[in-house]
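>>> everything below, folded, please.
(one chain, ligands or ions: 1)
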Amino acid sequence: MNIAVAQSGGPTCAINASLVGVFKQGIKTDKIDAIFGSINGIEGIINDNLIDLKRVIRTNEEMELLRQTPSTMLGSCRYKLPDYEKDSEVYEKIFECFTKHRIGVFVYIGGNDSMDTVVKLSDFLKTKNSDIKVIGIPKTIDNDLPVTDHTPGFGSAAKYVATSVQEIIRDSSVYSVDSVTIVEIMGRHAGWLAASTCMLRANGEIAPHLIYLPECDFSVERFLEDLRKEKSKHRAVIVAVSEGIKLDAEECGIENFQSGVEDVFGHKYLSGVGKCLERIVAKEIGCKVRSIELNVMQRCSSHICSKTDIDEAEEIGSAGLRAALEGETGKMMCFKRISDAPYVVTIESVDAKEVANKEKVFPQKWINAAQNDVSAEAENYFLPLIQGEVKIRLKNGLPVHFKREAL
Ligand code: F6P
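Numbers count the residues shown, from 1 in each chain. This is a model prediction of the structure:
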């Protein structure tokens, strides 16, 4: 039997480590012959665009390098499968590809949208009385997948975001003039990543002075009030804001601050709230103000990745293949946290239906009454996820990345 693995959705620092986990488990399992990588997620299966991973990852050294290389070595996609009752053509193509390459297990590494593919595909294969198993491995910097304690990729992104905000704090406090610095952080409709900047308080920082999350109502009036209050206490005010806050274009008086472009799952590209708030502060408060959008840097910042995150990403990849070989299908692997200190997690499987197209938002119990900060309890949840450093391979003082050669 052969197996196939694919990566889907937005890049992270840890998605290649999960690929390595699947690959490592695959090469030590007797009943597996070839391990195929599908180019650009499920699109590679549909278009029969597979590569033989044993020809790509040839040595232990290459495996280690891939493990610490950010983004998706196999490329990615945002592809929504139709309902197979309505449109089965694409499913027949997938089945043809699986049959042609004797695929017995398909491992899909991705987020909530990718779990939609795991569900639909495993259901379709059952209608064909096929024995092919489909397993999901979680990943996303947004940390918004239900059931799992956290998602691979989040810990590294959180470590980068907190580190960057700390550097912004140092930078913004050098002058004697008053200033406001707004840092826009990814996360779509879940504020986990923006909230994780609270970890800086474990190291004695007071900032960020204000944290705004999509889980709360946002009012420009309250934001300006909060800001004036913080400005009366601090010369350089730092604001962490999640890209997904509900900023009403009418209330802020700035139309079209976001492109409005949507992906196939109907998710809007959200970037732009930081800039919009900057313009509001300039107009209403009139002090020095700057907005910083961390943007894609927070997804691929492997130079400061979390060892815990990378190790766990590999482990959950291996566990996924093992579960499929034991007969599981239509499942996503997940972490269950046993304790914060010492930090202990176990890996289990969950029905992918419980995750597909659903979002786990940041809990209200960790948001303060004024809805502009998060509580100290959240620190205990976040801190274990960013622990440890990976010894990054450097060349000429720069990180070395694994690059797939054209075969
Ligand atoms: O993968 C999640 C995410 O990084 C979100 O935080 C962000 O809103 C979105 O992806 C951006 O999508 P894209 O990579 O398609 O620009």
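>>> just the helices in the protein please.
Shown for the chain, the helices assigned by DSSP state H span residues 15-27, 42-46, 53-56, 60-67, 89-100, 112-127, 154-172, 192-195, 220-233, 249-252, 273-284, 307-325, 376-382.
>>> hey, which of these is tucked in deepest?
helix 192-195 (a mean of 30; mean count of other C-beta atoms under 10 Å). Where C-beta positions appear, they are placed from N, C-alpha and C, glycine not excepted.
>>> weakest of the helices of the chain by average pLDDT?
Note on these: lowest mean pLDDT is at helix 249-252, with a mean of 73.
>>> about what we covered before: got the helices of the chain as a markdown table, with distance to the ligand columns?
Below are the helices of the chain laid out as a markdown table (distance: least, C-beta to the nearest ligand atom, whole Å):
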| stretch | distance to the ligand |
| --- | --- |
| helix 15-27 | 10 |
| helix 42-46 | 15 |
| helix 53-56 | 24 |
| helix 60-67 | 20 |
| helix 89-100 | 21 |
| helix 112-127 | 9 |
| helix 154-172 | 9 |
| helix 192-195 | 7 |
| helix 220-233 | 21 |
| helix 249-252 | 18 |
| helix 273-284 | 11 |
| helix 307-325 | 15 |
| helix 376-382 | 17 |
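>>> ok, the nearest residue to Arg78 once chain neighbours are set aside to Gly153 distance?
Among residues not flanking Arg78 along the chain, Asp263 sits closest, at 4.8 Å (C-beta to C-beta, 6 or more residues apart in numbering). The spacing between Asp263 and Gly153, counted by C-beta to C-beta, to the nearest Å, is 18 Å.
>>> when these two are compared, which one has more neighbours?
Gly153 (33 against 13; other C-beta atoms under 10 Å).
>>> related to what we said a few turns ago, redo the helices of the chain as CSV? Include distance to Ala369.
Listed next are these as CSV, based on distance: least, C-beta to C-beta, whole Å:
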stretch, distance to Ala369
helix 15-27, 37
helix 42-46, 44
helix 53-56, 52
helix 60-67, 43
helix 89-100, 49
helix 112-127, 30
helix 154-172, 23
helix 192-195, 16
helix 220-233, 12
helix 249-252, 22
helix 273-284, 22
helix 307-325, 32
helix 376-382, 14
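>>> closest to Val183 out of those helices?
The closest of the helices of the chain to Val183 is helix 154-172. By C-beta to C-beta, the value is 5.7 Å.
>>> gap between the closest one and the chain center?
16 Å (C-alpha atoms, centre = their mean, to the nearest Å).
>>> so what does that helix touch, helix or strand wise?
If you count contacts as 3 or more C-beta pairs under 8 Å, 6 or more residues apart in numbering; DSSP states H and E, helix 154-172 packs onto strand 179-185, helix 192-195, strand 236-242, helix 307-325.
>>> contacts for the shortest one?
Counting contacts by C-beta atoms under 8 Å, 6 or more residues apart in numbering, the residues outside helix 192-195 that touch it are 141-144, 154, 157-158, 161, 185-187, 211-213, 240-242, 298, 362, 366, 374, 378, 382.
>>> one more pass at 6 Å, please.
143, 157, 161, 185-187, 213, 240, 242, 362, 374, 378 (C-beta atoms under 6 Å, 6 or more residues apart in numbering).
>>> kindly report the same for stretch 378-398.
68, 150, 155, 158-159, 195-196, 198-199, 202, 303, 305-308, 310, 340, 343, 366, 399-400.
>>> how about it as CSV, C-alpha atoms only?
What follows is stretch 378-398, C-alpha atoms only, in CSV (Å, rounded to 0.1, in the frame of the first residue of the first chain):
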residue,chain,number,x,y,z
ALA,A,378,-4.7,33.2,30.0
GLU,A,379,-0.9,33.5,30.6
ASN,A,380,-0.9,30.0,32.1
TYR,A,381,-2.6,28.6,29.1
PHE,A,382,-0.3,30.4,26.6
LEU,A,383,3.1,30.1,28.2
PRO,A,384,3.8,26.4,27.9
LEU,A,385,3.1,26.6,24.1
ILE,A,386,6.0,28.9,23.4
GLN,A,387,8.7,27.1,25.4
GLY,A,388,12.0,25.9,24.0
GLU,A,389,14.2,27.0,21.1
VAL,A,390,15.0,25.0,18.0
LYS,A,391,18.7,25.2,17.0
ILE,A,392,18.1,26.8,13.6
ARG,A,393,20.7,26.0,10.9
LEU,A,394,22.4,29.1,9.6
LYS,A,395,24.4,29.9,6.5
ASN,A,396,26.2,33.2,6.1
GLY,A,397,24.4,34.3,9.3
LEU,A,398,20.9,33.6,7.7
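>>> figure out which of the helices of the chain is closest to Met1.
Evaluated over these, closeness to Met1 peaks at helix 307-325, with 9.3 Å, by C-beta to C-beta.
>>> that closest one vs helix 154-172, what angle?
For helix 307-325 against helix 154-172, the angle by axes from the mean of the first three to the mean of the last three C-alpha atoms, to 10 degrees is 160 degrees.
>>> helices or strands up against helix 307-325?
helix 15-27, strand 133-138, helix 154-172, strand 331-339, strand 344-351 (3 or more C-beta pairs under 6 Å, 6 or more residues apart in numbering; DSSP states H and E).
>>> what's the third one in contact with?
Under the criterion C-beta under 6 Å, 6+ apart, residues 13-14, 141, 143, 179, 181, 183, 185, 193, 196-197, 199-200, 207, 236, 238, 298, 301, 304-306, 308-309, 385-386 lie in contact with helix 154-172.
>>> 7 Å instead?
12-14, 140-141, 143, 179, 181, 183, 185, 192-193, 196-197, 199-200, 205, 207-208, 236, 238, 240, 292, 294, 298-299, 301, 304-306, 308-309, 382, 385-386 (C-beta atoms under 7 Å, 6 or more residues apart in numbering).
>>> just the shortest one next, same as before
Strand 133-138 is contacted by residues 18, 104-110, 114-115, 118, 121-122, 125, 145, 148, 151-152, 316-317, 320, 323-324, 328-334, 352 when judged by C-beta under 7 Å, 6+ apart.
>>> quick one: contacts for Met1?
31-33, 102, 104.
>>> now the contacts of helix 192-195 in a markdown table, with distance to Gly272?
What follows is the contacts of helix 192-195, written out as a markdown table (distance: C-beta to C-beta, whole Å):
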| residue | distance to Gly272 |
| --- | --- |
| Asn143 | 22 |
| Ala157 | 20 |
| Val161 | 18 |
| Ile185 | 13 |
| Met186 | 12 |
| Gly187 | 14 |
| Leu213 | 17 |
| Ala240 | 16 |
| Ser242 | 13 |
| Phe362 | 21 |
| Val374 | 23 |
| Ala378 | 26 |
